[in-house]
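>>> Sequence isn't available, so here's the structure alone:
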């Protein structure tokens, strides 16, 4: 079963995820990385939970790659 990227409890540090950074929202360009910090405080966000990746990049999770 694929985890829903709009639900905060499905995301935790160390997961490999695909995010869309704010500056890439118009083009839809995606970036893969490992979750370092979860930045969204609410339990559900319709556009995806905002995270900071190990690389320092910030974006909203579109897909969760690995369990």
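Received the coordinates, thanks. Since we're looking at a predicted model, the values are computed, not measured.
>>> how far does the helix or strand hosting residue 35 sit from the chain's center?
Using DSSP states H and E, residue 35 sits within strand 31-38. Relative to its chain's centre, strand 31-38 lies at 6 Å (CA atoms, centre = their mean, to the nearest Å).
>>> Skipping adjacent residues, who's closest to the residue nearest in space to the middle of the chain in space?
Nearest residue to the geometric centre of the chain (CA atoms, centre = their mean): residue 61, 2.3 Å. Spatial nearest neighbour of residue 61, excluding adjacent residues (CB to CB, 6 or more residues apart in numbering): residue 5 at 4.0 Å. Just so you know, the C-beta spots here come from the backbone N, C-alpha and C atoms, and that holds for glycine as well.
>>> coming back round to it: which parts of the strand holding residue 35 are buried?
31, 33, 35, 36, 38 (16 or more other CB atoms under 10 Å).
>>> before we move on, what about stretch 14-31?
15, 17, 18, 19, 20, 31.
>>> Could I get the contacting residues of the nearest residue to residue 12 once chain neighbours are set aside?
In this structure, residue 12 finds its nearest non-sequential neighbour in residue 35, 6.7 Å apart by CB to CB, 6+ apart. Contacts for residue 35 (CB atoms under 8 Å, 6 or more residues apart in numbering) come out as 11, 12, 13, 14, 15, 17, 51, 52, 53, 54, 61.
>>> repeat for residue 38
By CB under 8 Å, 6+ apart, the neighbours of residue 38 are 8, 11, 12, 13, 49, 50, 51.
>>> Let me know the distance separating it from residue 28.
23 Å (CB to CB, to the nearest Å).
>>> now residue 36
23 Å.
>>> How many residues are close by residue 43?
10 (other CB atoms under 10 Å).
>>> Please name the bridge partners of the nearest residue to residue 39 once chain neighbours are set aside.
Leaving aside its sequence neighbours, residue 39 sits nearest to residue 50 (CB to CB, 6+ apart; 4.3 Å). Using DSSP bridges, the bridge partners assigned to residue 50 are residue 60.
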